[in-house]
Structures are given as structure tokens and as C-alpha cells.
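Asks: Show me the folded form of this:
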Amino acid sequence: MNIHWLKTFLKAAETENFRQASEELYITQPAVTKHIKRLEEELDIQLFERTGKAVKLTEAGLSFLPHAKEMARSFESNMSAFNAWKQGYTRKLSIACAPQIASSFLPKLLKRFIEKFPNIDVHVDIARSYDIGEKVSSGLVDIGLARMPSVYANTSSVIIDQEPIVLAGPIVEEADEISLLAGYRLLTHNHPGYWEALIKDLKKENPHLKTMTVSQIEVTKRFIEAGLGISYLPKSMVQDELLAGRLGIYPSGSAEKQTSITYLIEKVLTAEAEQFKQFLRHQLKKSEQL
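Replies: Residues are numbered from 1 along each chain as shown. The predicted model follows:
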């Protein structure tokens, strides 16, 4: 049985339209028809009912669908394992990581980990902190690094790092928190965890506070550099911009009340995930001692 026939069947079952399936698979519509015909001949049964341009799975097609999904998953998994072997990998580690973590301490840490364990094939899935618990819970990844704890009962969330929050803004002279909040929009919700409490605290003293929601820290920093606003960000996330003189940080009593927490989310750890966890703890502890 040809894997291309299976993939075409799955896409046609999803779209219920051969033309749309051909567009999403980047093949011609006659090729879609040919793949389905060959698969039906192989199975000796009709998989689709055709009504004009629309198609719908027959009872046999519905029965075959979960088997096709499993065969496609198995093929992809086995090919991935074989390709990893060709590259010299004998073990595998999959990590789900929040964007804020992936762009702060993870790159240098991961470089050291790969140098120490060159035979581990590391896969990094960048995901929202809200989604990482589910990925670990369902077994899609071995371990997670998030800014929020997991809500799934079969997982555990361990705090592995806490860092201060700073008030970041454009380079201006003789600025303080009060004048910055009065003169700029506050760019919010770029980091899960502390924004609700922070805004509530700020509005007690600044009832006319103007805000703008920006969902990513990297975009927030570019907005600050352009003079569009200010924001409260984890200190590690603004180090490069501070050194380059592209933005400044200012004294803030509100920022001092907040922290950015990194959670390690785990289920049943593989040997590779346990090694990564211990390595992570060791490296973070070394950083604290510097």
C-alpha cells in the first residue's frame, strides 16, 4: 500500500472535496482521483460517495479512517527514527517551550546540553504556556518549559526559576514610573502570569491608564524602541536591548511586586528528559552563583 494514497485519502476525508485536497497536497486533482481509485482497488471496496464536487466517506471509508491515520502516523514516526539514526542519533528528547523562554536562556543552555549529549536528537516545539501542559499530559512531548503551571492532573509543575520584572521604556531623560505611565500606552499581556494582578495594582493609582494588548514580548520590545509605549518585562528579556542602548529600564515599585516564573512540566520522565531536567537545574544554579 502506497503511503501517498493514504495521505491523499486522509486529506480528502478531511476536506470532503477532491479539488481542495489537491490544492492542500500540492498535487493535481486527477492525481487525487487516481490515488483514491488505487486505494479502493487495493482494499477492494468503495471509500467515498461522490455527489457533484463534494465527496463523503462511505461506511467502509469511516471504518478505514482510524486505521489510515494510525498507518500514516506509524510511517512518519518510523521514518523520523530512521532519519535520526542516519544522522548519528540513538536517543530522542522532545521539549515544549514557551516563546519567552525559547528566546531567553534556552538557546545557550540547549547548546551546552547538545554538546554534552551529542547522540540525543532534540526536538523543540514552541507553544503557548497555556498549551504546554496538555502537550505533556497527552504524551506529545517528553517535558515542558512554561510560564504557567499545568492544570492537568497527570502532570506536575515545578518552579525552576524566578526572575525580576522591570519597567522598560524608550530612552528618555529624568523619567520615572508616574511620568512614563502618563505619557505612554502600557503594552500588556505579552507574558502569561502577572498581568492581571499588575494592571489591577496600577489602575488604583492611575485610573485613566491607557493600555494596548501585544501578545508577544519580541514585538513589544520593537514597539517600545519605536516609542509606541512602555511595558513590564522579565529582566532577562531586555538584556540585549539594554546593552545596545535601544531601550532603558526605570525604577518601579509596581515591577518589584511581580516575578516571572519558569515551570518545568513533567509526567513520567524518560531517561533523556530526566537528564535534561538535572542538567537544567545545574545550569540555572550555576547562573545564580555568578
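Asks: Packing partners of the longest strand seen in the chain?
Replies: Looking only at the chain and at elements set by DSSP state E, the strand with the highest residue count is strand 156-169. Judged by 3 or more CB pairs under 8 Å, 6 or more residues apart in numbering; DSSP states H and E, strand 156-169 is in contact with helix 177-183, helix 217-225, strand 229-234, strand 248-250, helix 253-256, strand 259-266, helix 271-289. No exception for glycine: its C-beta is placed from N, CA and C like everyone else's.
Asks: Okay, domains of the protein per the record?
Replies: 3-86, 91-161+261-289, 162-259 (automatic domain parsing).
Asks: distance between the second one and the chain's centre?
Replies: A distance of 12 Å separates the centroid of the chain from that of domain 91-161+261-289, by CA atoms, centre = their mean, to the nearest Å.
Asks: For the remainder of this discussion, apply numbering that starts at 9.
Replies: Yep, numbering from 9; the last one is domain 99-169+269-297 now.
Asks: where along the stretch 9-158 of the chain do the helices fall?
Replies: Assigned by DSSP state H, counting those that start in this stretch, the stretch 9-158 of the chain shows helices spanning 11-23, 26-33, 37-51, 67-94, 107-110, 114-124, 137-146.
Asks: Mind putting these into a markdown table with mean neighbour count?
Replies: Listed next are the helices of the stretch 9-158 of the chain as a markdown table, based on neighbours: other CB atoms under 10 Å:
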| stretch | mean neighbour count |
| --- | --- |
| helix 11-23 | 19 |
| helix 26-33 | 18 |
| helix 37-51 | 16 |
| helix 67-94 | 13 |
| helix 107-110 | 21 |
| helix 114-124 | 14 |
| helix 137-146 | 21 |
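Asks: Would you mind giving the ones you listed as CSV with mean pLDDT and distance to residue 152 added?
Replies: Below are these laid out as CSV (pLDDT from 0 to 100; distance: least, CB to CB, whole Å):
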stretch, mean pLDDT, distance to residue 152
helix 11-23, 90, 28
helix 26-33, 89, 30
helix 37-51, 92, 38
helix 67-94, 82, 20
helix 107-110, 88, 10
helix 114-124, 90, 12
helix 137-146, 94, 4
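Asks: Between those, which one is closest to residue 222.
Replies: helix 107-110 (12.8 Å; CB to CB).
Asks: and the longest strand of the chain, which residues are buried?
Replies: 165, 169, 173-177 (16 or more other CB atoms under 10 Å).
Asks: Quick check: residue 137 touching residue 157?
Replies: No: contact between residue 137 and residue 157 fails when scored by CB atoms under 8 Å: they sit 9.2 Å apart.
Asks: The nearest residue to residue 206 once chain neighbours are set aside and residue 175, how far apart?
Replies: Nearest residue to residue 206 in three dimensions, chain neighbours excluded: residue 266, at 5.6 Å (CB to CB, 6 or more residues apart in numbering). Residue 266 sits 10 Å away from residue 175, going by CB to CB, to the nearest Å.
Asks: before we move on, what about residue 275?
Replies: 37 Å.
Asks: distance between the ends of stretch 250-265?
Replies: 22 Å (CA to CA, to the nearest Å).
Asks: Per-residue pLDDT of residue 98, please?
Replies: pLDDT for residue 98: 67.
Asks: do residue 183 as well
Replies: The model's pLDDT for residue 183 equals 88.
Asks: mind checking how far it is from residue 260?
Replies: 11 Å.
Asks: The two: which has the busier surroundings?
Replies: Between residue 183 and residue 260, counted using other CB atoms under 10 Å, the more crowded position is residue 260 (22 against 18).
Asks: and the residue nearest to residue 206, how many residues sit next to it?
Replies: 20.
Asks: In contact with the residue most central in space within the chain, which residues are there?
Replies: Nearest to the mean C-alpha position of the chain, by CA atoms, centre = their mean, lies residue 135 at 1.3 Å. Contacts for residue 135 (CB atoms under 8 Å, 6 or more residues apart in numbering) come out as 104-106, 143.
Asks: on that earlier part again, joint contacts of residue 266 and residue 175?
Replies: residue 240.
Asks: Can you check what pLDDT the model gives the residue nearest to residue 206?
Replies: 92.
Asks: correct me, but it touches residue 174?
Replies: No: using CB under 8 Å, residue 266 makes no contact with residue 174, being 9.8 Å away.
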